[in-house]
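Student: with the sequence up front, the predicted model follows.
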Amino acid sequence: KIRRTTVPQIANRKGGEPIVSLTSYHAHTAAIVDKYADFILVGDSLGMVMHGMDSTLGVSLDLMITHGKAVVRGTQKALIVVDMPFGSYEESPQIAFRNAARIMQETGCGAVKLEGGSRMADTIRFLTERGIPVMAHIGLTPQSSHTMGGFKTQGRDEDSWPLFEADAAAVTAAGAFAVVLEGMVEPLATRITKQIAIPTIGIGASAECDGQILVLEDMLGLNEWTPKFVKVYGNLGPAIEQAVSDYATEVKSRAFPGPDQVYK
Ligand code: KIV
Ligand code: NA
């Protein structure tokens, strides 16, 4: 039996070989990612990527659990981390615990992720002390895009650095086993990575981080637009379109189904 990567194994990678991670939302792609990723994130970006929402704010706990279950079923090896959606954890540590416990019980995942630094420290401590490993997420935090005034790269102004450094220190002290640094300038990501004892997982935060994560559909070229920090490793959009258009042509010309696809 294959053993899944554990939370301590991820935490112990601090300063070592970079941690490989991608998002996955369903069993089929997760099975492929599972061969190469140390952990797989079932991110709330699924609201936009899979369900056509225009932000992550409308993603429900039930939707996260539905996709989390699919990804756990489709994988054997990677640690599965499931995002806590907006509204499911901010109110109190107790409510966060109840909802995180549901995610873990119903999906079988190994950890949850939530957004916020210093302000979420009490909640991170409450969860980790009670058996729920937490990955933190600071810098650009999409669930608070309305208060941030959009999706902006963080740390452009050096005066803001102490706040982000305090966030990183707070989530570390609270017991987070790793922290996602999203959308921040390289010198800030470098400073934070050097300052804290837990791995930093970068997305739009430079190669100085202890690991990297990307949204799978972004790096596969399945989204119409991708931000600067995304590298498109496979351009699947045009490949899918070609296949669909060939099928449509062959249905109309009755070339499909052909002799090989027919029960005689
Ligand atoms: O929801 C998501 O995909 C994420 C990653 C981009 C870190 O939170
Ligand atoms: Na997310």
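Tutor: Sure thing, it's come through. Ligands and ions are numbered 1, 2, ... in the order given.
Student: near ligand 1, which residues of this structure are found?
Tutor: For the chain, the residues found near ligand 1 under the criterion CB under 6 Å from any ligand atom are 23, 41, 43-45, 83, 180, 182, 203, 213, 215. C-beta: built from backbone N, CA, C; applies to glycine.
Student: can you lay out those residues as a markdown table showing pLDDT and neighbour count?
Tutor: Rendered in a markdown table, the data for these read as follows (pLDDT from 0 to 100; neighbours: other CB atoms under 10 Å):
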| residue | pLDDT | neighbour count |
| --- | --- | --- |
| Thr23 | 98 | 28 |
| Leu41 | 98 | 33 |
| Gly43 | 98 | 28 |
| Asp44 | 98 | 29 |
| Ser45 | 97 | 21 |
| Asp83 | 98 | 28 |
| Val180 | 98 | 28 |
| Glu182 | 98 | 23 |
| Ile203 | 98 | 26 |
| Ile213 | 98 | 25 |
| Val215 | 98 | 23 |
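Student: keep only those of those residues that are in strands.
Tutor: Among the residues of the chain next to ligand 1, the members falling in strands are 23, 41, 83, 180, 182, 203, 213 (criterion: DSSP state E).
Student: surely the fifth one touches Ile201?
Tutor: Okay, so that is Glu182. No: the pair formed by Glu182 and Ile201 falls short of the contact definition of CB atoms under 8 Å, at 9.1 Å.
Student: shared neighbours, those two?
Tutor: Shared contacts of Glu182 and Ile201, defined by CB atoms under 8 Å, 6 or more residues apart in numbering, are absent.
Student: tell me which residue of this protein lies closest to ligand 1.
Tutor: Gly43 (2.3 Å; CB to the nearest ligand atom).
Student: quick one, what contacts that residue?
Tutor: Residues in contact with Gly43, defined by CB under 8 Å, 6+ apart, are 23, 25, 83, 113, 215.
Student: distance of the fourth one relative to Leu22?
Tutor: Spelled out, it's Lys113. Remark: distance between Lys113 and Leu22 (CB to CB, to the nearest Å) = 14 Å.
Student: what touches both of those two?
Tutor: Leu41.
Student: is there proximity between the lowest-mean-pLDDT helix or strand in the chain and ligand 2?
Tutor: For the chain, scoring each helix and strand by mean pLDDT, DSSP states H and E identifies helix 145-148 as the least confident one, at a mean of 92. No: contact check for helix 145-148 against ligand 2, using CB under 5 Å from the ion: none in range, with a minimum separation of 11.5 Å.
Student: against which helices or strands is whichever helix or strand comes after that helix packed?
Tutor: Toward the C-terminal end, the helix or strand that comes next after helix 145-148 (DSSP states H and E) is helix 161-174. Helix 161-174 is packed against helix 121-128, strand 134-139, strand 178-182, helix 186-195, with contacts defined by 3 or more CB pairs under 8 Å, 6 or more residues apart in numbering; DSSP states H and E.
Student: redo that, cut-off 7 Å
Tutor: The criterion is 3 or more CB pairs under 7 Å, 6 or more residues apart in numbering; DSSP states H and E, and the helices and strands that helix 161-174 contacts are helix 121-128, strand 134-139, helix 186-195.
Student: between the shortest one and helix 121-128, how big is the angle?
Tutor: Just to be clear, that refers to strand 134-139. Regarding strand 134-139 and helix 121-128, their directions subtend 160 degrees when assessed with axes from the mean of the first three to the mean of the last three CA atoms, to 10 degrees.
Student: quick one: strands adjacent to strand 134-139?
Tutor: In its sheet, strand 134-139 lies beside strand 111-115 (parallel), strand 178-182 (parallel), with partners assigned from DSSP bridges.
Student: run through the stretch 101-250 of the chain and note the low-pLDDT ranges.
Tutor: Within the stretch 101-250 of the chain, no stretch has pLDDT under 70.
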